[in-house]
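Enquirer: Quick one: sequence and predicted model below, then my questions.
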Amino acid sequence: MEDIKNIIESLLFVAEDSLTIDSIKKVLNSTDSNAIRNVLNELSSEYEARKGGFFLREVAGGYQIRTRSEYSQWIRRLLRPNPLRLSNAALETLAIVAYKQPVIRSDIEHLRGVDCGGILRMLLERKLIRVVGRKEIPGRPMIYTTTKKFLELFELKDLKDLPSPKEIEELGDCSIEQTGDEDTKNS
């Protein structure tokens, strides 16, 4: 069992994307999903008990080793990554794709009221959305969905973890109330 644990830990360490139980099973030539899940739970518990620089998180339908946020400033100094910046228009388009998928460009443009071609290209280049086929209507428009990278970026296990429209509305109401309180204090 310890050897399998070390193998799974090594796979998680080198994987660029989250690893599903099925992908681990293929590498191990195993058919026992429960044993793999138990090892993943054991590794997660060990990392939590240790309180080290990383932990095991279930994201994008799989598992991934992630660094703890309290060490992000040092990681940024080392890696100096270009932060992923998205304009309001890009975030709005991405939200439409996430909530309405599978969706075609004309549906997105109908909801937004503006052309989205450039934004869709940029989201495709950043691998936040992908083309899954063409719709069987005149012109055969491309069909868009979100990607695994989208789930990883927003730390979602799957699309069911997206906030519901009601939760989003409640967040908006809270921010309006806080802004109203600030206005009262400044008077």
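Expert: Here it is on my side, so go on.

Enquirer: contacts, neighbours, all on C-alpha from now
Expert: Noted.

Enquirer: residue contacts, Asp22?
Expert: Ser33 (CA atoms under 8 Å, 6 or more residues apart in numbering).

Enquirer: And what about it, helix, strand or coil?
Expert: Assigned with DSSP: H, G, I helix; E, B strand; the rest coil, Asp22 falls in the helix class.

Enquirer: how much space between it and Lys135?
Expert: 30 Å (CA to CA, to the nearest Å).

Enquirer: quick one: buried residues of stretch 33-49?
Expert: Ile36, Val39, Leu40, Leu43, Ser44, Tyr47 (16 or more other CA atoms under 10 Å).

Enquirer: Looking at those, which are in helices?
Expert: In this view, the buried residues of stretch 33-49 that belong to helices under DSSP state H are Ile36, Val39, Leu40, Leu43, Ser44, Tyr47.

Enquirer: wait, what's in contact with the fourth one?
Expert: Applying CA under 8 Å, 6+ apart, one finds that Leu43 lies in contact with Lys5, Glu9, Leu56.

Enquirer: in the chain, which spans are strands?
Expert: Remark: strands assigned in the chain by DSSP state E are 54-59, 62-67, 103-104, 129-134, 142-146.

Enquirer: about what we covered before: any chance of the ones in helices among the buried residues of stretch 33-49 in TSV, plus pLDDT?
Expert: Compiled in TSV, these are given as follows (pLDDT from 0 to 100):
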residue	pLDDT
Ile36	90
Val39	91
Leu40	93
Leu43	93
Ser44	92
Tyr47	91
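
Enquirer: Pull the most distant pair out of those.
Expert: Greatest spatial distance among these (CA to CA): Ile36 and Tyr47, at 16.5 Å.

Enquirer: what's the closest non-adjacent residue to the most centrally placed residue in the chain?
Expert: The centre of the chain sits closest to Leu151, judged by CA atoms, centre = their mean, with a distance of 1.8 Å. Closest residue to Leu151 apart from its sequence neighbours, by CA to CA, 6 or more residues apart in numbering: Ala60 at 5.0 Å.

Enquirer: could you measure Lys100 against Arg140, distance?
Expert: Taking CA to CA, one finds Lys100 at 18 Å from Arg140.
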